[in-house]
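Chemist: Would you be able to build a 3D model of this:
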Amino acid sequence: MPRLVLIITFCSITLNAQLHPSEVNYLDFSTDSIDSLSEQKVGIKFIFSRNKTNYDFKNDQGLSESGIFSDHGASFGVEKSLFNLFNKKLELSINVFIDEFNQIGSMPENTFSWNSYFLTTGGSTSIPLIALRDSKFIRLSAGVGVSKCVFAKQTINDIEYDIKDHEEFDGVFSKASFGLCMDSFKIENIIFSIALRQEFFTSLDDNSVQELNINNTKISLQVRL
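Modeler: Predicted coordinates for the structure are as follows:
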């Protein structure tokens, strides 16, 4: 698990335990906790995120490119909760995301960057890991999906090139993800949460001589209606 996930997890749990020591119930599936989960209706989440992306690119010789570095981008998603299973302990959802994945690089005589947008649809599942107060929880989540590049350009020394149809971008990618989500505050029936997610996009094109996989860390504000 990435170091950042461990840090955020530790800080979130420790801070909440210090602020509300009597209100934290680890893996608490008592009647009260289940009732709290039951109060949360199946609904829609709007997800606003910040991406930190790393392209794992291999050329036609199978070698990774040097001199490229991660960059930041934006993301927006909508997630629809379908239903809950096992006495409200397991939630299943479907979602769609538009993600901006960027990368920068430099060599002695050149500077270059990549800017791309991927459309992803898939599903996810989450379980309440820690029960907080006021029907709020820290949740563990995981998901899968399929993704397609809808826009990609490369800039070399201020000259832009359209690369969406290049073989490393022109294909279907599988997505796998896991993360944590912590409910922060509640206004009437609207729940605001923060989330940290690690995502892995893997090219499914076996015929490409160049290979692009994407590793992405996503920090999100989630608004659940």
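Chemist: So, low pLDDT: which residues of this protein?
Modeler: 1-42, 60-66, 88 (pLDDT under 70).
Chemist: at 90 what do you get?
Modeler: 1-43, 56-69, 83-90, 105-112, 129-137, 167-168, 170-171, 184-189, 205-212, 225 (pLDDT under 90).
Chemist: all strands for it, in order.
Modeler: Ranges of strands in the chain, per DSSP state E, are 25-26, 44-58, 68-85, 90-107, 110-131, 137-156, 159-162, 172-187, 190-203, 211-224.
Chemist: Strand partners (parallel or antiparallel) of the fourth one?
Modeler: Read it as strand 90-107. For strand 90-107, the pairing partners within the sheet under DSSP bridges are strand 68-85 (antiparallel), strand 110-131 (antiparallel).
Chemist: one step back: mean neighbour count added to the strands of the chain, as JSON lines?
Modeler: Backbone N, C-alpha and C define where each C-beta goes, glycine included. Output for the strands of the chain, formatted as JSON lines (neighbours: other C-beta atoms under 10 Å):
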{"stretch": "strand 25-26", "mean neighbour count": "13"}
{"stretch": "strand 44-58", "mean neighbour count": "18"}
{"stretch": "strand 68-85", "mean neighbour count": "16"}
{"stretch": "strand 90-107", "mean neighbour count": "18"}
{"stretch": "strand 110-131", "mean neighbour count": "18"}
{"stretch": "strand 137-156", "mean neighbour count": "17"}
{"stretch": "strand 159-162", "mean neighbour count": "10"}
{"stretch": "strand 172-187", "mean neighbour count": "17"}
{"stretch": "strand 190-203", "mean neighbour count": "19"}
{"stretch": "strand 211-224", "mean neighbour count": "19"}
